[in-house]
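Student: predicted model and sequence below, questions to follow.
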Amino acid sequence: MLQDWHSKLQTFPRGGRIGNTSIGETIRTMLSELSIENLLLIAAAKIEFDGGFNAFTGETGAGKSLMLDAIEFLLGARGDASMIRHGAEQAEVSACFILKDKDLVSAFTRDLGIAFEDDGSGFAELVLSRAIPKTGRSRAHANGRPIALPALKELGERLLDIHGQNENQSLLRAPARLEILDRFSEADSEREAVRVAHRAALDAAKKLSDLRRTARDRQGRQDLTRFQLNELEDARLDDFDPTELENELKLLRGAEKIREAALSAGALLDGEEGDGAAQFLSRAIKALASAGDAGPEVEELSERIETMLADVRDAAHEAASLADKARSDPERLVELEDSFAKLKSLQRKHGRTFPELVALRDKLRLEMSGLDQLETHTEESEKGLARAIDSLKSHCGALSRKRKFGARQLEKKVNAELRGMGLNNATLSIELTPNENAPAHTAEKNEPHDAFDSSEIDETGAMLLPAPMKSSGMEGAEILFTANPDLPPKPLRESASGGEIARVMLALKGVLARAGGADRLPVVVFDEVDSGVGGRLGAMLGKKLRDLASIRQVICITHQPQLAVCAQRQFKVSKSQVGKATTVKVEHLTGDARVDEIALMLRGAEASSHTREEAAAMLKAAE
């Protein structure tokens with residue numbers, strides 16, 4: 001399948017132009033195929049998309065919105081058994097995306113664990129599927145492997161931008177607005193500098209927070225640490241080896257018995273009265289020597305006995321040494337018993353072996369040294385945090401300046417686009433709203449000691465940073481809109497109709513896509529973009545969508561023939577009823593069938609041959 005879609009992408013006219021933008025080379029990622037089975041009123045549908053502009057048309061109530069329902073279900077929207085077509089056991093939606101964005105493929109692998117095959121074509125294939133049975137939970141897969149719904153939703157947010165229902169529109173989400181504004185303003189490097197500076201300031205704040213928490217508990221902790229350290233120091237752990245200590249104790253505890261036994265053993269081995277083992281072995285050697293040259297066997301036996309004699313005399317010497325060591329020493333015994341008892345007591349108390357006790361003592365030594373120098377460290381950390389905040393302020397200021405300039409430029413471009421979409425009196429503005437004011441304990445003061453109040457300390461140190469300074473900068477971005485010059489602009493989601501929002505999004509998408517791909521979502525889906533507009537404006541919107549389709553794949557649901565003729569691929573959605581069963585089907589229109597559909601959209605049931613000629617002329621003019 002991947003090679004088929006690779007071939008399909010190669011058919012885009014290299015160097016050709018649609019509107020103001022060349023196509024083919026710029027299309028990086030597309031939804032190539034969507035399959036739907038037993039979802040709501042759709043029994044089965046297989047839709048093969050063009051990489052540019054795709055339009056869905058059909059009568060009101062024919063089920064065009066089911067295409068969006070299917071896509072949203074596939075990409076993690078809520079679904080239940082009520083979505084299964086009557087009489088079916090399960091509903092299933094699957095899609096194939098062709099990705100030509102290596103960064104996107106790498107991100108999907110890194111962040112979501114999706115595996116891709118590399119066939120050397122330069123394209124990667126992403127196959128998604130989701131099924132929901134009558135009983136049980138829905139199941140989803142990405143390239144054949146199970147995928148969780150949150151990951152599926154994240155995939156959708158990175159691949160498609162759906163405009164129709166507000167909650168699905170990326171440009172209405174606050175984080176996306178800032179990120180897009182930064183890319184449009186060419187402020188990526190400033191944004192990254194803010195992120196790095198914020199991370200450094202947060203690390204400095206956490207260090208100071210930890211030091212202050214330590215200082216708050218220092219007295220009690222210092223007393224405990226000193227007591228534990230003194231106890232371990234008194235044990236003189238470096239003065240002895242625990243194994244040698246235990247062996248010497250055994251020797252002293254049984255000194256008399258060990259001495260007697262060693263002396264007795266020594267006498268039996270090499271006694272002075274001639275009755276020890278050494279004497280008997282010497283006699284045996286002499287006896288063999290008296291045989292003269294009696295051959296190798298006698299010689300070998302004599303050598304073995306000589307070896308035994310040497311071993312016996314060595315053993316007798318060791319027995320004498322042991323007897324000498326095993327002398328009663330009550331004072332030494334008491335000293336060692338005391339040391340051994342202290343060692344065992346410390347091991348039980350701390351639950352540690354001897355090497356672990358030594359490590360604990362060394363750790364406590366360092367801790368005591370640190371506690372003694374805590375005040376100095378705290379002062380140094382306060383100065384370090386002040387420097388980090390100054391750096392963060394500087395980077396935030398640079399980012400804010402670029403954002404303000406970029407916002408004004410973006411406003412001008414988008415408002416110019418809106419005037420070409422029939423919203424002549426509309427005004428869009430981008431308001432940069434400062435983050436919350438800094439709490440009192442983060443106000444800048446002259447002296448490092450006074451700069452921060454230690455009464456409020458959190459685990460991460462974030463409370464020690466000025467609240468307006470976040471990893472994304474010092475402000476948020478809000479899109480304000482009004483369609484009536486007599487009314488003040490308000491947030492877009494509060495002040496615009498569905499059709500107006502769709503047109504604003506189309507204007508923004510076009511501007512951002514031409515601005516070096518500031519908006520990177522590769523597939524754009526529009527619903528209601530032509531709501532409340534006439535034929536002249538519909539034609540204008542169609543050209544805008546086709547311009548956008550030179551850079552992004554566009555999928556649009558429309559009832560405007562002037563818009564539909566601009567599509568590079570048109571699908572008709574229709575509803576039929578057999579008995580009590582209602583079915584929605586999707587048909588790819590080409591040739592005469594497409595001319596007939598455009599004519600039907602123009603005049604309805606009254607379409608004539610003249611209407612068909614008009615429809616054919618519109619299609620030819622839009623090529």
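Tutor: In hand now; what should we look at?

Student: phi first, then psi, for the closest residue in space to R145 that isn't next to it in sequence.
Tutor: Counting by C-beta to C-beta, 6 or more residues apart in numbering, A115 is the residue found nearest to R145 once chain neighbours are left out, at 6.6 Å. No exception for glycine: its C-beta is placed from N, CA and C like everyone else's. A115 adopts backbone torsions of phi -90, psi 140, taken as degrees, to the nearest 10.

Student: nearest residue to the middle of the chain?
Tutor: The chain has D111 as the residue nearest its centroid, 5.1 Å off, counting by C-alpha atoms, centre = their mean.

Student: now it: how far from P150?
Tutor: Distance from D111 to P150, counting by C-beta to C-beta, to the nearest Å: 12 Å.

Student: over to L423?
Tutor: 37 Å.

Student: give me the more crowded residue out of those two.
Tutor: Under the neighbour definition other C-beta atoms under 10 Å, L423 and P150 were set side by side, and L423 has more, 22 against 10.

Student: which other helices and strands does the longest helix anywhere in the chain contact?
Tutor: What stands out as the longest helix in the chain, according to DSSP state H, is helix 374-419. For helix 374-419, the packing partners by 3 or more C-beta pairs under 8 Å, 6 or more residues apart in numbering; DSSP states H and E come out as helix 174-184, helix 188-216, strand 427-434, strand 475-482, helix 498-514.

Student: average pLDDT for that helix?
Tutor: For helix 374-419, mean pLDDT is 91.

Student: likewise stretch 614-623?
Tutor: Across stretch 614-623, the per-residue pLDDT values average to 88.

Student: which residues belonging to that stretch are considered buried?
Tutor: Neighbour-count burial for stretch 614-623, counted by 16 or more other C-beta atoms under 10 Å, picks out E614, A615, A616, M618, L619, A622.

Student: roughly how far out does that stretch sit from the chain middle?
Tutor: Taking the mean of its C-alpha atoms, stretch 614-623 sits 49 Å from the chain's own mean (C-alpha atoms, centre = their mean, to the nearest Å).

Student: mean pLDDT per helix and strand in this structure: which one sits at the bottom?
Tutor: Among the secondary structure pieces of the chain, namely its helices and strands, strand 17-18 has the lowest mean (mean pLDDT, DSSP states H and E), a mean of 32.

Student: could you count how many residues lie near the nearest residue to D530 once chain neighbours are set aside?
Tutor: For D530, ignoring the flanking residues on the chain, the nearest one in space by C-beta to C-beta, 6+ apart is Q560 at 4.4 Å. With neighbours defined by other C-beta under 10 Å, the count for Q560 comes to 23.

Student: shouldn't Q560 be in contact with R536?
Tutor: No - the criterion here is C-beta atoms under 8 Å, and Q560 misses it with R536 at 10.4 Å.

Student: so I132 belongs to a strand, correct?
Tutor: Yes - for I132, which was evaluated using DSSP: H, G, I helix; E, B strand; the rest coil, the result is membership in a strand.

Student: contacts only, for it.
Tutor: Going by C-beta atoms under 8 Å, 6 or more residues apart in numbering, I132 touches F73, G79, D80, A81, M83, I84, Q90, A91, E92, S138, R139.

Student: most neighbours out of those residues, which is it?
Tutor: Highest neighbour count within these, by other C-beta under 10 Å: A91, with 25 neighbours.

Student: list the beta-bridge partners for that residue.
Tutor: I132 (DSSP bridges).

Student: how close does it sit to E587?
Tutor: For A91, the distance to E587 (C-beta to C-beta) stands at 21 Å.

Student: that older thread, residues in contact with the residue nearest to the centre of the chain?
Tutor: D111 neighbours (C-beta under 8 Å, 6+ apart): E154.

Student: let's see 10 Å
Tutor: The contact partners of D111, by C-beta atoms under 10 Å, 6 or more residues apart in numbering, come to A151, E154, L155, R158.

Student: now the first one. Its backbone dihedrals?
Tutor: Dihedral pair for A151: phi -70, psi -40, per degrees, to the nearest 10.

Student: what is the neighbour count of it?
Tutor: A151 sits with 18 neighbouring residues when counted by other C-beta under 10 Å.

Student: wait, doesn't it sit right on L112?
Tutor: Yes - under the contact definition of C-beta atoms under 10 Å, A151 touches L112, with a separation of 4.9 Å.

Student: now for those two: what residues contact both?
Tutor: A142.

Student: leaving out the residues flanking it, which one is nearest to P489?
Tutor: What sits nearest to P489 in space, not counting adjacent residues and going by C-beta to C-beta, 6+ apart, is L480, at 3.8 Å.

Student: out of the contacts of D111, who's nearest A44?
Tutor: Each of these was scored against A44 by C-beta to C-beta, and L155 proved nearest at 24.3 Å.

Student: isn't that closest one right up against L128?
Tutor: Yes - applying C-beta under 10 Å, one finds L155 in contact with L128, separated by 7.1 Å.

Student: tell me, what's touching the two both at once?
Tutor: Jointly contacting L155 and L128 under the rule C-beta under 10 Å, 6+ apart are L74, L75, G76, F97, I114, A140, A142, I147.

Student: okay, and which of the residues you listed map to helices?
Tutor: Going by DSSP H, the helices hold L74 from the shared contacts of L155 and L128.

Student: may I ask which of the shared contacts of L155 and L128 has the most neighbours?
Tutor: The most crowded member of those, judged by other C-beta under 10 Å, is L74 (25 neighbours).

Student: what separation is there between the nearest residue to that residue once chain neighbours are set aside and L159?
Tutor: Once its chain neighbours are removed from consideration, L74 has its nearest residue in V93; the separation is 4.3 Å (C-beta to C-beta, 6+ apart). Taking C-beta to C-beta as the measure, V93 falls 15 Å from L159.

Student: more neighbours: the two, which one.
Tutor: Taking V93 and L159 together and counting by other C-beta under 10 Å, V93 has the greater number of neighbours (27 against 22).

Student: quick one: the more buried one from R145, how far?
Tutor: From V93 across to R145, the span is 17 Å (C-beta to C-beta).

Student: next: D314.
Tutor: Shown here: D314 relative to R145, a distance of 72 Å by C-beta to C-beta.

Student: returning to that earlier point: how about the residue nearest to R145, what does it touch?
Tutor: Applying C-beta under 10 Å, 6+ apart as the definition, the contact partners of A115 turn out to be F108, T109, A142, N143, G144, R145.

Student: now, among those residues, which is nearest to F526?
Tutor: Distance to F526, by C-beta to C-beta, is smallest for F108 among the contacts of A115, at 24.9 Å.

Student: please report the number of neighbouring residues for that closest one.
Tutor: Count around F108 with other C-beta under 10 Å applied: 24.

Student: tell me which residues touch it, please.
Tutor: Applying C-beta under 10 Å, 6+ apart, one finds that F108 lies in contact with 99, 101, 114-116, 124, 126, 142-143, 151, 154-155, 158-159.

Student: with distance to G52 and pLDDT added, can I get these in a markdown table?
Tutor: Compiled in a markdown table, these are given as follows (distance: C-beta to C-beta, whole Å; pLDDT from 0 to 100):
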| residue | distance to G52 | pLDDT |
| --- | --- | --- |
| L99 | 17 | 90 |
| D101 | 17 | 81 |
| I114 | 26 | 90 |
| A115 | 29 | 89 |
| F116 | 24 | 89 |
| A124 | 20 | 88 |
| L126 | 19 | 93 |
| A142 | 25 | 93 |
| N143 | 25 | 93 |
| A151 | 29 | 91 |
| E154 | 26 | 89 |
| L155 | 22 | 89 |
| R158 | 21 | 86 |
| L159 | 17 | 88 |
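
Student: picking that back up, I figured the residue nearest to D530 was touching M618, is that so?
Tutor: No - because the distance of 11.2 Å does not satisfy C-beta under 10 Å, Q560 is recorded as not touching M618.
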